[in-house]
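> fold the following.
(one chain, ligands or ions: 1)
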Amino acid sequence: MFRNALHMGDGPGRPRVLGGWAVDGGGLLLTITHDLRLARALGGDVLVMRDASVVEAGPVEQVLATPAHAYTQRLLGAEPSRWTFGWMRHGTPPVPTGDPLVAADGIAKSYGSSELFRDLSFRIHADERWALTGPSGVGKTTLGNALLRLTPVDAGTVSHAPATRDGRVQKLYQDPGLSFPRRVPLGAALRDVVRRHRVEEARLRTLLDEVGIPQDMLRRRPGQVSGGELQRIAIVRAMLPRPVLVFADEATSRLDLATQEVTTDLLVRELAQTGCALLLVTHDDELATAVADHRLDLRAPAAAVG
Ligand SMILES: Nc1ncnc2c1ncn2[C@@H]1O[C@H](COP(=O)(O)OP(=O)(O)OP(=O)(O)O)[C@@H](O)[C@H]1O
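Purely as a prediction, here's the structure:
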């Protein structure tokens with residue numbers, strides 16, 4: 001865990017949005033975050049924590065520029081801008097082949113008087129990786145759900161190829177705990193998917209090995225494993241039916257940077273093996289750049305497709 005304690009008044013130009021109200025009266029702002037860029041922007045003092053202990057503390061500029069502890073160095077090395085995975089394409093997307101898996105034509109969505117997007121058209125093909133980016137509340141999840149046909153659109157059409165049928169479009173949630181039954185052991189939840197999709201048992205064992213989850217952990221319930229472990233188990237569950245498209249809705253945003261790096265690597269490696277397409281919702285431009293071939297940025301007044 002990463003904690004940032006700071007006095008907002010201790011230097012010119014500090015971002016004031018987050019805690020200006022707290023410090024204008026001489027107060028203290030304590031921020032708990034995984035986001036090193038936020039910590040840098042806020043300044044002040046930083047405490048780096050692991051296993052309920054502070055492993056390193058000091059002025060944020062010093063600690064994050066010249067970290068002394070191996071764990072702080074590991075966190076800094078895990079920022080997406082520093083990743084060097086074999087599956088990274090560095091802006092060279094695959095040439096689309098075949099019909100699109102998802103085709104959106106002129107889609108629009110509003111809630112009340114709030115228009116989220118309008119006249120959006122694009123295609124998602126096999127093996128492509130799309131990032132939906134933009135600030136909180138701009139409509140990323142709504143657009144992703146519209147593309148999965150979980151949310152109806154007000155205008156336009158969303159078409160799915162036959163290859164997407166029979167559970168071959170899977171969604172990963174920000175909070176995987178919400179997508180597992182609370183009282184059911186994880187093994188029973190996974191075996192249910194194995195049965196329903198007629199997946200061979202060996203595939204379950206292989207996937208669990210690949211994501212580093214020991215079989216005996218599956219005796220536990222969702223509340224008895226860590227967030228990172230549960231997200232890895234959710235990835236296994238999503239990959240079991242051999243999906244053609246995975247929608248990852250902020251699926252790593254609650255994980256620390258090191259766990260985010262491992263989890264994203266696992267996910268994208270699995271997808272790359274089978275040519276499964278990815279639709280990634282994220283606030284994190286660095287993550288989007290590292291993972292995606294195409295970006296749809298909803299923060300622009302007319303959403304930009306790239
Ligand atoms: N069912 C709904 N009814 C009314 N308004 C909704 C509904 N679902 C979402 N909204 C609103 O639509 C806007 C977009 O929500 P959405 O969850 O798509 O944004 P987001 O970009 O994914 O946000 P975040 O990054 O915070 O998860 C928000 O203002 C939200 O309050």
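
> what does the stretch 51-200 of the chain have sitting close to the ligand?
By CB under 6 Å from any ligand atom, the part of the stretch 51-200 of the chain that sits against the ligand consists of Tyr111, Leu116, Gly134, Ser136, Gly137, Val138, Gly139, Lys140, Thr141, Thr142. All C-beta spots, glycine's among them, are computed from the backbone N, C-alpha and C.

> which PyMOL command selects the buried ones in those?
Entered in PyMOL, the line below selects the buried ones among these, by 16 or more other CB atoms under 10 Å:
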select buried, resi 116+134+138+139+140+141+142
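
> what residues sit buried inside the longest helix that the chain contains?
Scanning the chain for the longest helix, with DSSP state H as the assignment, gives helix 257-274. When neighbours are counted by 16+ other CB under 10 Å, the buried residues of helix 257-274 are found to be 257-264, 266-268, 270-272.

> same check, this time on stretch 64-83
When burial is assessed from 16+ other CB under 10 Å, stretch 64-83 yields the following buried residues: Leu64, Pro67, Tyr71, Thr72, Leu75, Leu76, Ala78, Glu79, Pro80, Trp83.

> surely the third one touches Met49?
The one in question is Tyr71. No. Using CB atoms under 8 Å as the test, Tyr71 is too far from Met49 to be in contact (9.0 Å).

> what is in contact with those two at once?
Common contacts of Tyr71 and Met49 (CB atoms under 8 Å, 6 or more residues apart in numbering): Val55.

> quick one: contacts for the closest residue to Ser159 other than its chain neighbours?
Counting by CB to CB, 6 or more residues apart in numbering, Ala103 is the residue found nearest to Ser159 once chain neighbours are left out, at 4.6 Å. The contact partners of Ala103, taken as CB under 8 Å, 6+ apart, are Arg123, Ile124, Thr157, Val158, Ser159.

> restricted to buried residues, select the residues you listed in PyMOL.
Command for PyMOL that selects the buried part of the contacts of Ala103, burial taken from 16+ other CB under 10 Å:
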select buried, resi 123+124+158
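
> between the buried residues of stretch 64-83, which is closest to the ligand?
For the buried residues of stretch 64-83, the minimum distance to the ligand (CB to the nearest ligand atom) is 17.4 Å, reached by Pro80.

> now Asp105: which helix or strand?
Assigned by DSSP states H and E, Asp105 falls within strand 102-111.

> show residues contacting the helix or strand following that strand.
Once strand 102-111 ends, the next helix or strand along the chain (criterion: DSSP H and E) is strand 114-124. Strand 114-124 is contacted by residues 96, 100-110, 130, 138-139, 142-143, 147, 155-156, 245, 277, 279, 296, 298, 302-303, 305 when judged by CB under 8 Å, 6+ apart.

> okay, now the domains of the protein?
For the chain, whose domains are defined here by automatic domain parsing, the residue ranges read 2-77, 102-305.

> reformat those domains as TSV; add mean pLDDT.
TSV is the format used below for these (pLDDT from 0 to 100):
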stretch	mean pLDDT
domain 2-77	74
domain 102-305	92
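
> most packed of these?
Among the domains of the chain, domain 102-305 has the highest mean neighbour count (mean count of other CB atoms under 10 Å), at a mean of 18.
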